[in-house]
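S.K.: Sequence first, then the predicted structure, then my questions.
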Amino acid sequence: LRYKAETGRDGPATVSQKSHTWRDLKEMKARYGDDFIVTAIADEAFRGCTELKNVVFPKTLQTIGDEIFKGCDYLESIRMEGPGVKYDSRGNCNALIETATNTLVLGCQNSKVPASVTAIGSCAFYGCRALIEFVIPDHVTTIGDCAFCMCSNLKKVTIGSGVTTIDPLAFYECTLLSDV
């Protein structure tokens, strides 16, 4: 699999698909040092990385594209390397939280919703086939557009009493979902 880091030496980098291997990205970081700053992950950047299990995002990350983990069936861990500019992964939640809005924006099969999170964002668990059961706690009020779309093995969701808004497509194509 190959990925692209656009710019980098003269400005921030965006990681997208099909140009450099991750080894190349590590070499660029070593070569450019602090000048190599990843600030964005493009749409579907990790699409089809079926063996991807753990992701650590840099604290400089400011933009995340749509469906970045589409087809990453075995993703187990998502975290930030430290408190970020825009995102965090507080309390070992195995998810990425947009700090200003307390919205869980990226999750995986082992994600837990921290007590301070009030929303599950659009496409947060998109295509997470390893997700079988999920608990949305009482402190969450909103489940966004396609939050759990294409989670084809999701069978049970427990929705807390605080949820007041569920987007009509939040559970689109969750064909095995039978217990809500």
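M.R.: That came through fine. Numbering: from 1, shown residues only.
S.K.: Point out where the protein drops to low pLDDT.
M.R.: By pLDDT under 70, the weakly predicted segments of the chain are 1-36.
S.K.: Next, name the residue at the spatial heart of it.
M.R.: Nearest residue to the geometric centre of the chain (CA atoms, centre = their mean): residue 106, 2.4 Å.
S.K.: who are the neighbours in contact with that residue?
M.R.: When contacts are counted by CB atoms under 8 Å, 6 or more residues apart in numbering, residue 106 touches 64, 68, 69, 78, 95, 96, 124. For the C-beta atoms, the positions are set from N, CA and C on the backbone; glycine is no exception.
S.K.: redo that, cut-off 10 Å
M.R.: Residue 106 is in contact with 41, 55, 57, 64, 68-69, 75, 78, 87, 89, 94-98, 121, 123-126, 128, counting by CB atoms under 10 Å, 6 or more residues apart in numbering.
S.K.: Over to residue 117?
M.R.: Going by CB under 10 Å, 6+ apart, residue 117 touches 90-91, 93, 95, 97-98, 101-105, 136-137, 139-141.
S.K.: and if we set it to 7 Å?
M.R.: By CB atoms under 7 Å, 6 or more residues apart in numbering, the contact list for residue 117 reads 97, 102, 103, 104, 140.
S.K.: from those, which would you call buried?
M.R.: Neighbour-count burial (16 or more other CB atoms under 10 Å) applied to those gives 97, 102, 103, 104, 140.
S.K.: Skip ahead from the helix or strand harbouring residue 96 and say which helix or strand is next.
M.R.: Assigned by DSSP states H and E, residue 96 belongs to strand 95-98. Sequence-wise, the next helix or strand downstream of strand 95-98 (DSSP H and E) is strand 103-107.
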